[in-house]
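K.L.:
Fold the following.
(chains A and B)
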Amino acid sequence: MSRLTRRWKLLLPLSVVAVAASAFVSTSGATSQAREVRVAIMTDCKGAFGFGYEPDIGGAQAAFAQWAGGKPKDAKKPSAGMTGIKVAGTSVKIVGYGCGDDTVPTAIKETRRLMEQLKADVMVGPLSGDEAVAVANYAKAHPTKTFIIGTAGSQDPTLQIAPKNMFRYFGDGAQWNAGIGEIAYKKLKWRNAAIIMDDYSFGWTSAAGIIADFCAIGGKITKRVFPPLNTTDYASYVQQLPAPSSVDGYFWVVGGTGTGASLTAFEQAYGALKPSQHIGNLFFAFLGADKVVAPKVVSSYVGGFGTGPGLKTKQAKAYEAIMAKHYPGLNGGNYADGFVSNYYHGAWALVQGLQKSKGQVGAALQAALPRSIKSAYQVSNGGVMKLDGNRQAIQDQYPLQIVKNADGSIGTSVVGFVPNVDQSFGGLFKKTSPAPGRAQPPCVKKSLPWQGKIKVVKNGTITGEVIK
Amino acid sequence: MGIGALVLVALGPLVFNDYWVDAILTQALIVGIAAASMIFLAAYGGMISLAQTALMGIAGFALGNMVTQRTPGGETKGLTLGWDPTLALVLAIAGTTLIGILFGAVASRSLGIYFLMITLTYSVIAFYFMGQVTVVSGFSGISGINRYTPSFVGDMVNDRYRLYYIALGVAIVVYVLIRYVVKTPFGLALQGIRDEPVRMSSLGFAVPLHRTLAFGFAAFLASLSGVLLVWWQGQIAPGDIGLQSTIDLLIVAVIGGLGRVEGAWVGAIAFIVINNYIRDSWLTDFLDDVKVGGSFNTIIGLVFLAIVIVSPDGLLGLWDRLWGLVRRGGGPAAPAVSPSPAGQQG
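P.N.:
Below you'll find the predicted structure:
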């Protein structure tokens, strides 16, 4: 083959690639039009939390529908999109939905796609803990973009990493569990307990809240077991737990499909579950576990999700009415699920920020985003939830109990009200302290701001009585 | 042949928008380097290795652990040793190469499916090691790695064109190096071992040693890819070296053409473009509508099947045939002249 022929042989395909690429660039890149705010919603559509896709998008878009004139294209399928969003005279366009799978590489690829290819100015998301850690690091390198965490509960993004362009309008996974340790200590008389936790950022953070709360009042954690995320056979991990006769109880921080599987492994090893010996984090009662797991542990106490299901306050009712109006039946009508509620509050805060910044994004929006909002389930401070200096919510929390309803169905009931839970747990968690991990935090007795002040909640009403 | 390719990629920032340069082309160059290491082993050593993503990851994790620092607002995972980035870079590459030689020594006496399974084992071990040993990573991975780069490399966080050109330079070096190595006595002996291991052994060649050294060389190439990957992503997590990533790299190599080194980058760009744009395409909507599920995996799986059936030597082989048809005015195409990938040697 002559040199000329060989050269053409290469140049021709390269030209084809270049033309095709140019076509992609011209057709799929953002076209420059009149100024509009470009918003992306990042969640998971695959992996353990893939079922959160529609509830998350619906939660965020309900806020746009209620406060910014958005019109859902399909009230039964939020991901069908939304049109007509306008804030302070500026159009807001939802440029895309991120499809994560609970892993860091996918979260980063999807974030890049949304923020760079689709040129989003703001992202509401992501969904899960490791993803939020990755996105926080991405945010740090992209200060002109704004990130409002969807419902991820890892601590690091707003404490140890804490980029200035990242906001979280709900508590982290540790905050959600405030009060549950004190309930175990006082109501169930636990003194020694074991904990089994998913071996990743959210599992560690969620467990950190339980450990901090339980140890602060005098409990001891005698064993910590950490199965990898997406484990299917928990037999070997359950065997690492002390036998039921040697501890007062077990804290479960195992999520997704692992919750049911791990409890089944425990039953196989030690017999039927005794509800008074088991406390779970939100995975016992939310995220689909209400159908599979909760029936096995009726009357067990459960950590919250930063929401108060069934709470009879004006703000809670108003929020639930908004959800029912725009996306009736979303998430089976369970609007108090943090998957829906946390995305809603993030998007609502965004609307407020854009109103104040008059549609400007970047630093102007970051300065304008509210440092306090009237969150649906906030009761303290006249119903106003404040952000701390790291733009992290200081939020009321609601420990729950799994109950059997009158009609025989299984549900949850709010049993406690823990006011103004801050991310630091009264100074236990610091920017300079190691992020939650297998051995973090250590089990230490200390005074927490809400210790001895957890109010009893009965039938959705906060009473003046404290938990004893 | 090289001039046309060089001109096009060198002008990348002028031709393409920032997203294309940073997210598509830079990624393709990096993935292409890892795929080239796989193709080198397959085409010239007759060894299809599934350990290349693991080796890439080992370099990335090693660098991440060595350079990151635990400071307020700094990194929260890994050893955070805070070592000098230049020293860490050298150690990461050298360490990965040594591990590659060790891996190669263990696998060097195996062939075919057994070699494949051993290298798959390496990949799985690396994934679980990084995931479970939280001292060095954990499933969350290590972040902020690209904030700590050698001074001669420069700012990888803000100057993304710099990273693009570095990746391009490394890709060129890798290509030239492979082409050079396969023409050396070592490379020729390796090809002899690929085709007739028993005869080469009878002639006095140390077959396992050649295979081991080839594996070490491929590990060196994969380590370059790993270093570039963490500079590009800024972070690395076990998911980057999981089974899915391992299969993805194999698909890249097969789509491009397992028999030709340049196929690595052709396969990488095809894979990444499909991955990136298929989500928003009419094809995904159509597949969703007919309840097939329009995910990337479905579509790339179909492409993979089509390539394997229609053109086992990948897109480059397909191009050879099409070009042959054009040149002969529709006559039968001459078979593509290329080294034999593993399993195809006669």
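
K.L.:
show me the contacts for residue A:209.
P.N.:
Contact analysis of residue A:209 by Cβ atoms under 8 Å, 6 or more residues apart in numbering or on different chains lists A:173, A:174, A:175, A:176, A:177, A:178, A:180, A:281, A:303, A:425. Heads up, the C-betas are built off the backbone N, CA and C, glycines and all.

K.L.:
Quick check: which ranges of the chain have low pLDDT?
P.N.:
Using chain A. A:1-34, A:287-290 (pLDDT under 70).

K.L.:
wrong chain, I was asking about chain B
P.N.:
Ranges of chain B meeting pLDDT under 70: B:1-2, B:72-76, B:280, B:285, B:288-295, B:329-346.

K.L.:
so after the lengthiest helix in it, what's the next helix or strand?
P.N.:
In chain B, with assignment by DSSP state H, the single longest helix is helix B:207-233. Where DSSP states H and E defines the elements, the next helix or strand beyond helix B:207-233 is helix B:243-256.

K.L.:
The helix or strand following that following helix near chain A at all?
P.N.:
Remark: after helix B:243-256, the chain's next helix or strand is helix B:263-277, criterion DSSP H and E. Yes. Helix B:263-277 lies within reach of chain A by Cβ under 8 Å from any Cβ of the partner chain, at B:269, B:273, B:276, B:277.

K.L.:
Show me which of the contacts of residue A:209 is closest to chain B.
P.N.:
For the contacts of residue A:209, the minimum distance to chain B (Cβ to the nearest Cβ) is 13.3 Å, reached by residue A:173.

K.L.:
Surely the closest one touches residue A:210?
P.N.:
No. In this structure, residue A:173 is not within contact of residue A:210 by Cβ atoms under 8 Å, at 9.7 Å.

K.L.:
Next to chain A, which bits of the stretch 151-300 of chain B? Give me the list.
P.N.:
So the stretch 151-300 of chain B meets chain A at B:157-158, B:233-235, B:237, B:239-240, B:242, B:245, B:269, B:273, B:276-277, B:279-280, B:295 (Cβ under 8 Å from any Cβ).

K.L.:
so residue B:155 touches residue B:163, yeah?
P.N.:
No. Using Cβ under 8 Å, residue B:155 is not in contact with residue B:163, being 9.1 Å away.

K.L.:
more crowded one of the two?
P.N.:
residue B:163 (25 against 12; other Cβ atoms under 10 Å in any protein chain shown).

K.L.:
residues in contact with the more buried one?
P.N.:
Contacts of residue B:163 by Cβ under 8 Å, 6+ apart are B:22, B:26, B:156, B:228, B:231, B:232.

K.L.:
For the residues you listed, name the two members farthest from one another.
P.N.:
B:22 and B:228 (12.8 Å; Cβ to Cβ).

K.L.:
ok, the two, which is more surrounded?
P.N.:
residue B:228 (26 against 20).

K.L.:
Pull up the gap between the nearest residue to that one once chain neighbours are set aside and residue A:409, please.
P.N.:
If the residues on either side of it in the chain are set aside, residue B:228 comes closest to residue B:30, at 4.6 Å by Cβ to Cβ, 6 or more residues apart in numbering or on different chains. Distance, residue B:30 to residue A:409, using Cβ to Cβ, to the nearest Å: 53 Å.

K.L.:
Compare these two (neighbour count), which wins?
P.N.:
The neighbour comparison of residue B:30 against residue A:409 (other Cβ under 10 Å) goes to residue B:30, with 27 against 12.

K.L.:
Does anything pack onto the host helix or strand of the more buried one? Which helices or strands?
P.N.:
Assigned by DSSP H and E, residue B:30 falls within helix B:26-45. Here helix B:26-45 touches helix B:52-67, helix B:160-181, helix B:185-195, helix B:207-233, helix B:243-256, helix B:263-277, going by 3 or more Cβ pairs under 8 Å, 6 or more residues apart in numbering or on different chains; DSSP states H and E.

K.L.:
at 10 Å instead, please
P.N.:
helix B:52-67, helix B:85-107, helix B:112-132, helix B:160-181, helix B:185-195, helix B:207-233, helix B:243-256, helix B:263-277 (3 or more Cβ pairs under 10 Å, 6 or more residues apart in numbering or on different chains; DSSP states H and E).

K.L.:
just these: most buried one?
P.N.:
For those, ranked by mean neighbour count under the definition mean count of other Cβ atoms under 10 Å in any protein chain shown, the leader is helix B:52-67 at a mean of 30.

K.L.:
Direction-wise, compare it with helix B:207-233 and give the angle.
P.N.:
60 degrees (axes from the mean of the first three to the mean of the last three Cα atoms, to 10 degrees).

K.L.:
Name the SS class of the closest residue to chain B within the stretch 301-450 of chain A, please.
P.N.:
Going by Cβ to the nearest Cβ, chain B is nearest to residue A:435 of the stretch 301-450 of chain A, at 4.0 Å. Three-state assignment for residue A:435 (DSSP: H, G, I helix; E, B strand; the rest coil): coil.

K.L.:
near chain B, which residues of the stretch 351-468 of chain A?
P.N.:
A:430, A:431, A:432, A:433, A:434, A:435, A:436, A:437, A:438, A:439 (Cβ under 10 Å from any Cβ of the partner chain).
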